[in-house]
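Q: From the sequence below, what's the structure:
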Amino acid sequence: MNTLEEALHYPWGAELPAAGSALSLAPGLAWLRMELPFALNHINLWLLRDEIDGRQGWSVIDTCVDNPQARAQWEQVIAQEMQGLPVLRVLATHMHPDHLGLAHWLCERFSAPLWISAGDFLTARLAVLQHDSYGGQPMVDFFTRHGMKNSQVLENVFGRKGQYAHLVPKLPDQYRRLLDGQELSMGARRWRCISGFGHSPEHVALYCDDPGLAQPVLISGDMVLPRISTNISLLATEPEGNPLQLFLDSLEKFLPLPENILVLPSHGRPFVGLHERIKQLRDHHRDRLEEVMQSCAEQPRCAADIVPVMFKRTLDAHQTAFALGESMAHLNLLWHAGALRRQADAHGVLRFAPA
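A: Numbers count the residues shown, from 1 in each chain. Take a look at the predicted model:
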């Protein structure tokens with residue numbers, strides 16, 4: 001545990017749900033943890049006891065990727081943890097494969113609707129149909145324009161072609177839209193949607209302050225994670241975007257929530273200390289932005305030059321691709337703020353220097 005983690009409180013300590021099993025956190029609220037085939041090797045999912053139109057069952061928050069291992073874990077959960085009751089609805093905090101991959105399977109199996117924001121549903125639908133949304137030659141060209149020359153990284157990015165559709169092979173044809181400020185009744189409790197931007201097009205977290213709970217609860221998705229900082233990357237589909245500023249602005253929406261709130265993140269362990277964690281995240285990005293400014297003041301830099309400035313550890317090709325996206329996001333924030341200017345060099349690479 002690092003010093004930042006030590007500033008947070010973990011009510012369940014090191015206890016984790018076993019694969020295919022649920023850990024009860026409160027009456028009608030259970031924690032699932034499923035394995036992922038990535039360096040980020042797990043995702044937390046949530047089961048909420050529910051009733052819709054007189055039918056008893058469960059609402060599922062996020063689903064894991066679609067692969068045989070995840071389906072097998074879900075089969076175990078359905079058989080052993082759901083008391084013979086059906087899934088009544090599937091809610092996805094956002095469209096990334098580890099959150100949405102098995103939504104189609106669960107929705108079809110139980111004739112349950114998918115609830116998700118419009119921004120993320122429509123972006124996911126495009127990504128399923130357009131196989132070069134997150135890889136292939138367009139992403140290679142985008143990375144090259146930002147100075148990436150490492151052939152292994154470029155091959156990795158090219159190889160991502162079709163990866164989204166591999167992990168999210170299908171989407172339901174219909175969905176129910178989640179909106180910022182919307183209130184949902186799940187079981188006997190009311191949950192309020194809180195939208196967030198920068199990590200995905202329209203991420204939705206869920207907040208409940210029902211007096212029947214021991215403390216308020218926030219299902220934070222990927223907006224607030226206890227151990228790692230949320231990936232905020234510039235995308236080839238929106239090269240002039242400012243996702244980091246959108247993310248930092250979104251964090252402000254969580255500050256009015258109570259000090260004692262229990263945060264249920266998509267990765268890591270449930271924790272108490274939301275306001276402290278938001279401060280840590282803001283400090284982290286402030287420090288990285290200062291490093292970027294200092295480096296660009298020494299000489300004009302492209303995003304590939306900034307990767308080792310922001311990430312001091314050794315990165316493999318897959319990690320470097322994500323790191324480049326983060327570096328571009330930090331440069332674009334400073335460019336949008338007027339602190340940096342940018343100019344293409346003789347090779348067409350975008351370089352940034354103090355304005």
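
Q: In this structure T63 contacts P97, no?
A: No: using Cβ atoms under 8 Å, T63 and P97 do not qualify as a contacting pair, with a distance of 9.6 Å. Any C-beta I mention is one placed from the backbone N, CA and C, and that applies to glycine too.

Q: Among those two, which residue is more densely surrounded?
A: Neighbour totals were compared for T63 and P97, and T63 leads with 28 against 25 (other Cβ atoms under 10 Å).

Q: From G268, how far out is that one?
A: 18 Å (Cβ to Cβ, to the nearest Å).

Q: do Y164 as well
A: The spacing between Y164 and G268, counted by Cβ to Cβ, is 24 Å.

Q: and what of S24?
A: With the distance defined as Cβ to Cβ, S24 ends up 19 Å from G268.

Q: ok, now R109?
A: Spatial separation of R109 from G268 under the definition Cβ to Cβ is 29 Å.

Q: So the two - more neighbours on which side?
A: G268 (19 against 13).

Q: ok, and that one, which helix or strand is that part of?
A: In the assignment (DSSP states H and E), G268 maps to no helix and no strand.

Q: List the contacts of it.
A: By Cβ atoms under 8 Å, 6 or more residues apart in numbering, the contact set of G268 is 44, 225-228.

Q: which SS state does E291 fall under?
A: Of the three states, E291 takes helix according to DSSP: H, G, I helix; E, B strand; the rest coil.

Q: Surely it and F311 touch.
A: No: if you go by Cβ under 8 Å, E291 and F311 don't touch, sitting 10.5 Å apart.

Q: neighbour-wise, which of these two wins?
A: The residue with the greater number of neighbours, taking E291 and F311 and applying other Cβ under 10 Å, is F311; the counts read 17 against 14.

Q: In contact with that one, which residues?
A: Under the criterion of Cβ under 8 Å, 6+ apart, the neighbours of F311 are 319, 323.

Q: let's see 10 Å
A: With contacts taken as Cβ atoms under 10 Å, 6 or more residues apart in numbering, F311 has the following neighbours: 288, 319-320, 322-324, 326-327.

Q: repeat for L274
A: Residues counted as contacts of L274 (Cβ under 10 Å, 6+ apart) are 8, 216, 218, 220, 224, 226, 251, 254-255, 257-263.

Q: which stretches of the protein form helices?
A: For the chain, the helices defined by DSSP state H occupy 3-6, 68-80, 97-100, 103-110, 118-129, 137-145, 151-158, 163-167, 243-251, 274-298, 303-310, 317-336.

Q: Right, I'll leave it there.
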